[in-house]
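>>> Here is a sequence together with a model predicted from it:
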Amino acid sequence: MNEPFYTSPQPEQPHTYFVQRDEEKRALKRQSIRAGLCVIAFLLLEHVLSLLLVSSPLFALYEQSETANGIIEMFFYLLCMFCPFAVAYRLMRQEDRQTLTLFEKPTSKPAAAAAVMAGLLICSGANYLTNVLVSLIENAGFSVDGGVYDNPTTGVSLVYSLLTIGILPAFVEEFALRGIVMQPLRRHGDRFAIVMSACVFGLLHGNLSQFLFAFIVGLAIGFFVVETGSVWVGVAIHMLNNIESVVLNYLLETRPTAAEKFYDIEMSVLLVFGVLSFVLFMTICTRNRLQKDTGVLTAGEKTAAYVFTLPMVIAVIALVVETVRQIRFLGT
């Protein structure tokens, strides 16, 4: 039988562009709210646990015993950092969980090795820029007290510092930032995901002077994680940079002359091999290219959707307030 020449008109479909735009904005806002709440929870837990510790019988033991100090620091860190992001992971939609696929081996071992060395060089450069910023602030007659830890002075305190500052944060923070925060954002473009996750990484550091360091390091780690296809590259960069800082601070407290030699050798090695590794990584090594966004939102629309949610705005305000609270006038 022949098909009829005339068919009844089909109901009009919603405009594809506007539907896709609204879906992308909702996804970005959902991810922003999740990340912002994690930052707020982290900052609140830090303050609440500090107040509880000071008012508890454990405080005397915390101050007098290096072992107790180290154990309590590790326990508090896990509560403050790991727990909020672990809860966020449990509450993630299945579509977001499916993006967490980079917890695998790098696609190329030479590329991973080159990325780690180049990443350490960028961390060193970020630290230099942070020191310049702090010097400018001090020359203006002010100081920012945040982001300072007691340097280890004994073997016991060195071990605990290596665990609480060097090793543990590398695993937890890479799981949180380059996993839970960055991976779901990659559907909106790799560059956008790297930049936004670096901003959240900066917010977690609690003041504007540390924000600069964390933001630059976050950009570098995010880039190398995406291009090597493995978050373990980020863990390695993060861990080695933190361990170097702990060891250098320990030497500064106990063997200043050795610390100076250690720093000179380290900078020389990083400068030569870091630059060479970066060049090799960008030119010869097999790597994954950053993927562009296939959505309809512009860069400005994506940024606005992600930044201007209530939890993220509160997290930014908390950063500014904490910075102001930590500023001290040096006087003359």
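Nice, I can see it.
>>> Following the helix or strand where Glu253 lies in sequence, what is the next regular element?
Here Glu253 sits within helix 231-254, counting by DSSP states H and E. Using DSSP H and E, the helix or strand that follows helix 231-254 in sequence is helix 256-283.
>>> Okay, now the unreliable bits of the protein?
Confidence mapping of the chain against pLDDT under 70 gives the ranges 1-15, 145-149, 331-332.
>>> can you tell me which helix in it is longest?
If you go by DSSP state H, the chain has its longest helix at helix 16-54.
>>> Show me what counts as buried in it.
21, 24-25, 27-29, 31-43, 45-46, 49 (16 or more other Cβ atoms under 10 Å). No exception for glycine: its C-beta is placed from N, CA and C like everyone else's.
>>> now the helix holding Glu253 against helix 256-283, angle please.
Relative orientation of helix 231-254 versus helix 256-283 (axes from the mean of the first three to the mean of the last three Cα atoms, to 10 degrees): 160 degrees.
>>> and helix 231-254, how far from the chain's centre?
In terms of Cα atoms, centre = their mean, to the nearest Å, the gap separating the centre of helix 231-254 from the centre of its chain is 15 Å.
>>> Same question for stretch 133-149.
So, by Cα atoms, centre = their mean, the centroid of stretch 133-149 is 22 Å from its chain's centroid.
>>> If we ignore the residues flanking it in sequence, what's nearest the residue nearest in space to the middle of the chain?
What sits nearest the mean C-alpha location of the chain, by Cα atoms, centre = their mean, is Phe201, with 3.2 Å. Sequence neighbours aside, Gly218 is the residue nearest to Phe201 in space, at 3.8 Å (criterion: Cβ to Cβ, 6 or more residues apart in numbering).
>>> Neighbours of the one you found, how many?
Look at Gly218: counted by other Cβ atoms under 10 Å, it has 30 neighbours.
>>> and the gap between it and Pro256?
Separation of Gly218 from Pro256 (Cβ to Cβ, to the nearest Å): 32 Å.
>>> And for Val181?
On the measure of Cβ to Cβ, Val181 and Pro256 end up 39 Å apart.
>>> same check, this time on Asp190
Distance from Asp190 to Pro256, by Cβ to Cβ: 44 Å.
>>> Looking at these two, which has the bigger crowd around it?
The neighbour count for Asp190 versus Pro256, taken as other Cβ under 10 Å, is higher for Asp190 (21 against 9).
>>> Quick check, Tyr250 in contact with Thr154.
No - applying Cβ atoms under 8 Å as the test, Tyr250 and Thr154 come out as separate, 9.0 Å apart.
>>> More neighbours: which of these two?
Legend: neighbour count by other Cβ under 10 Å for Tyr250 and Thr154, higher for Tyr250 (20 against 12).
>>> residue contacts, the more buried one?
With contact set as Cβ atoms under 8 Å, 6 or more residues apart in numbering, Tyr250 has these partners: Asn151, Pro152, Thr153, Leu158, Ser161.
>>> change it to 10 Å
Asn151, Pro152, Thr153, Thr154, Gly155, Ser157, Leu158, Ser161, Leu162, Ala259 (Cβ atoms under 10 Å, 6 or more residues apart in numbering).
>>> can you pull the buried residues of stretch 155-162?
Quick answer for stretch 155-162 (16+ other Cβ under 10 Å): Ser157, Leu158, Val159, Tyr160, Ser161, Leu162.
>>> Can you spell out which helices and strands pack onto the helix or strand containing the second one?
Just to be clear, that refers to Leu158. Taking DSSP H and E as the definition, one finds Leu158 inside helix 155-161. Counting contacts by 3 or more Cβ pairs under 10 Å, 6 or more residues apart in numbering; DSSP states H and E, helix 155-161 is packed against helix 66-77, helix 231-254.
>>> Out of these, indicate the one that is most buried.
helix 231-254 (a mean of 21; mean count of other Cβ atoms under 10 Å).
>>> coming back round to it: and which of the buried residues of stretch 155-162 is nearest Asp96?
Leu162 (33.5 Å; Cβ to Cβ).
>>> got the contact list for the residue lying closest to the closest one once chain neighbours are set aside?
Nearest non-adjacent residue to Leu162, counting by Cβ to Cβ, 6+ apart: Val246, 5.5 Å away. Counting by Cβ under 10 Å, 6+ apart, Val246 makes contact with 149, 151-152, 157-167.
>>> 7 Å instead, please
Taking Cβ atoms under 7 Å, 6 or more residues apart in numbering, we find Val246 in contact with Pro152, Ser161, Leu162, Ile165, Gly166.
>>> same check, this time on Leu52
Per Cβ under 7 Å, 6+ apart, neighbours of Leu52: none.
>>> Would you mind measuring from it to Glu46?
From Leu52 to Glu46 the distance is 11 Å (Cβ to Cβ).
>>> do Asn131 as well
Distance from Asn131 to Glu46, by Cβ to Cβ: 24 Å.
>>> and Cys123, how many residues sit next to it?
Residues contacting Cys123 under the criterion other Cβ under 10 Å number 24.
>>> Any chance of the backbone angles for it?
Backbone geometry at Cys123, expressed as degrees, to the nearest 10, gives phi -60, psi -40.
>>> Put the alpha carbons of stretch 22-35 into CSV.
Written as CSV, here are the backbone C-alpha positions of stretch 22-35 (Å, rounded to 0.1, in the frame of the first residue of the first chain):
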residue,chain,number,x,y,z
ASP,A,22,20.1,25.1,30.2
GLU,A,23,21.4,21.5,30.8
GLU,A,24,25.0,22.7,30.7
LYS,A,25,24.3,25.5,33.1
ARG,A,26,22.5,23.1,35.5
ALA,A,27,25.4,20.7,35.4
LEU,A,28,28.0,23.4,36.1
LYS,A,29,26.0,24.8,38.9
ARG,A,30,25.6,21.4,40.4
GLN,A,31,29.3,20.8,40.3
SER,A,32,30.0,24.3,41.6
ILE,A,33,27.7,23.8,44.6
ARG,A,34,29.4,20.4,45.4
ALA,A,35,32.9,21.9,45.3
